[in-house]
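Here is a sequence with its predicted model. Questions after.
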Amino acid sequence: MNYEEIGKYLEERDFAYYLEQAMEQVPDNIDIREGSIMYDALAPACYSLAEFTMQLKNVLLETFTQTAQGGYLDLRAEEHGIKRIAATQAIVKGKFTKDDGTPVVLVEGNRFSSIDDDPVYYSIIKQDTDPLYYTLLAETAGTRGNQYIGQLLPIDHFNGLATAELIEVVIPARDEESDDDLRTRILKTYQVNAFGGNVEDYINLTSAIDGVGAVQVYPVWNGGGTVRVVILNNAFGLPNTTLVNQVQEIISPTDDQKGYGLAPIGHLVTVAGPTQKNVAVSLHVDTMVGVSLDSLKSSISAKLEEHFLTLRKTWANHDDLYNYGQTIYRSQLIVSVLQVEGVANVSGVKFNNADADLTLQMDNTKQEIAFLGTVTYT
């Protein structure tokens, strides 16, 4: 009996099944109608048996990697030396001034909050080189810490503080790894072994570093022993210098190939971000009767941004030999825009004035990533 048959077997053992089985054991001369003494005596036991059987089915489901969830999936992961990637906290930059525009003196631990119905709280980490600016840490883990830019409300009292403003998300946060993503990583261990500085090992080690959202690895990219690690931030955007330097320090802090970081001895590792490829999109949009194109442009732009974000989320996909590649297809973009309510048809799509699909360059020379450029309606 395979696991599917076991599951079906247990599903069939419900309250009605156990009650029928119990009633068949009662002599024919005894009343077993609902409300009778015999029925009322057996029904609670049958209900308990059915409930226990359902719990038994759940235990069975939590046994297998393909169906386990939550903490049970974490246990399966640990058997393969894998841990669920935890949520991180956003690192942001704030500007703080007095009435005359001069710096405000703040200390580590001073707190501020965003100004909205469900505020995010931030704590001062350190002062930047420019005394007007400070680095702060979002106290709430996860992507909520990435979503606010604007005025900050002081939680503590500060003499002379006139303006407090969050101006930049330096290193975006990420949410806790989902069950589906963790399950994919576990199942991948049956196909590929991450060991001793091979490509899969680099991908796993780099992906686990706070702030890293996606990774491409190019071995022997500039001669023997050289490795190029190309990363995106947690928002699937270009990493800033802070994040690149942080990852470089963890993987290979020196260039003498002595293995002082995560990289094995003999590896000369270069960490970098990809090259931004802005894609100008021109298209013709026919609208439904009574709907103006101008009223749909903001929704179409949002849908296009969503489409390009989806592309960036699959930027690190590769084949069995770790060759990377991505093509932006006009047909897929048309499907996305057609989802906007009020759009009847889309035609004449061009990328960077070319009437063709666009293939990004991903090789030892250049690693491109696509961002939406200007949108033109024809």
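Right, received. Where do you want to start?

What helix or strand is residue 282 located in?
Secondary structure from DSSP states H and E places residue 282 in strand 275-287.

Name the residues that touch that strand?
For strand 275-287, the surrounding residues in contact (CB atoms under 8 Å, 6 or more residues apart in numbering) are 238, 293, 296, 300, 304, 308, 328, 333-334, 337, 342-353, 358, 360, 366-378. Backbone N, C-alpha and C define where each C-beta goes, glycine included.

Pull the number of nearby residues for the closest residue in space to residue 141 that isn't next to it in sequence.
Computed as CB to CB, 6 or more residues apart in numbering, the closest residue to residue 141 that is not its neighbour in sequence is residue 87, at 4.0 Å. Applying other CB atoms under 10 Å, we find 18 residues neighbouring residue 87.

residue ranges with poor pLDDT in the protein?
1-4, 191-194 (pLDDT under 70).

Following element in sequence after the helix ranked longest in it, please.
Counting by DSSP state H, the longest helix found in the chain is helix 37-63. Following helix 37-63 in sequence order, the next helix or strand is helix 70-78 (DSSP H and E).

Leaving out sequence neighbours, find the closest residue to residue 11.
That would be residue 57: by CB to CB, 6+ apart, it lies 6.7 Å from residue 11.

give me every residue that touches the one you found.
Per CB under 8 Å, 6+ apart, neighbours of residue 57: 7, 10-11.

from these, which ones fall inside helices?
Mapping the contacts of residue 57 onto helices (DSSP H) picks out 7, 10-11.

Tell me the buried residues within those.
residue 10 (16 or more other CB atoms under 10 Å).

between the ones in helices among the contacts of residue 57, which is closest to residue 244?
residue 7 (48.0 Å; CB to CB).

how about the strands of the stretch 51-200 of the chain, start to end?
If DSSP state E, counting those that start in this stretch is used as the criterion, the strands of the stretch 51-200 of the chain fall at 91-97, 111-114, 121-127, 133-138, 150-154, 163-171.

Remind me what the last one packs against, helices and strands.
Which is strand 163-171. strand 91-97, strand 111-114, strand 133-138, strand 150-154, helix 241-251 (3 or more CB pairs under 8 Å, 6 or more residues apart in numbering; DSSP states H and E).

One more: the second one?
Using 3+ CB pairs under 8 Å, 6+ apart as the contact definition, the elements that strand 111-114 packs against are strand 121-127, strand 150-154, strand 163-171.

Show me what the closest residue to residue 122 other than its chain neighbours bridges to in the sheet.
The shortest distance from residue 122 to any non-neighbouring residue, by CB to CB, 6+ apart, is to residue 136 (4.1 Å). Using DSSP bridges, the bridge partners assigned to residue 136 are residue 92, residue 124.

and residue 136, what does it touch?
91-94, 112, 122-125, 166.

Residue 109 versus that one, what's the distance?
11 Å (CB to CB, to the nearest Å).

what's residue 19 sitting at in phi/psi?
phi -70, psi -40 (degrees, to the nearest 10).

and it, how many neighbours does it have?
Neighbourhood size, residue 19 [other CB under 10 Å]: 20.

so what's it closest to, chain neighbours aside?
Closest to residue 19 by CB to CB, 6+ apart is residue 46, at 4.4 Å.

Okay, buried residues for the strand holding residue 282 please.
Buried residues in strand 275-287 (16+ other CB under 10 Å): 277, 279, 281-283, 285, 287.

For the strand or helix carrying residue 348, which helices and strands make contact with it?
Residue 348 is part of strand 343-351 when elements are defined by DSSP H and E. The elements that strand 343-351 packs onto, with contact taken as 3+ CB pairs under 8 Å, 6+ apart, are strand 275-287, helix 330-338.

and the first one with strand 343-351, angle?
Strand 275-287 and strand 343-351 meet at an angle of 150 degrees, taking axes from the mean of the first three to the mean of the last three CA atoms, to 10 degrees as the criterion.

Check the shortest one too.
For helix 330-338 against strand 343-351, the angle by the same axes, to 10 degrees is 140 degrees.

ok, residues contacting helix 330-338?
281, 283, 285, 300, 303-304, 306-307, 343, 345-347, 349, 351, 356-357.

One more pass at 10 Å, please.
279, 281, 283, 285, 296, 299-301, 303-304, 306-308, 310-311, 329, 343-351, 355-358 (CB atoms under 10 Å, 6 or more residues apart in numbering).
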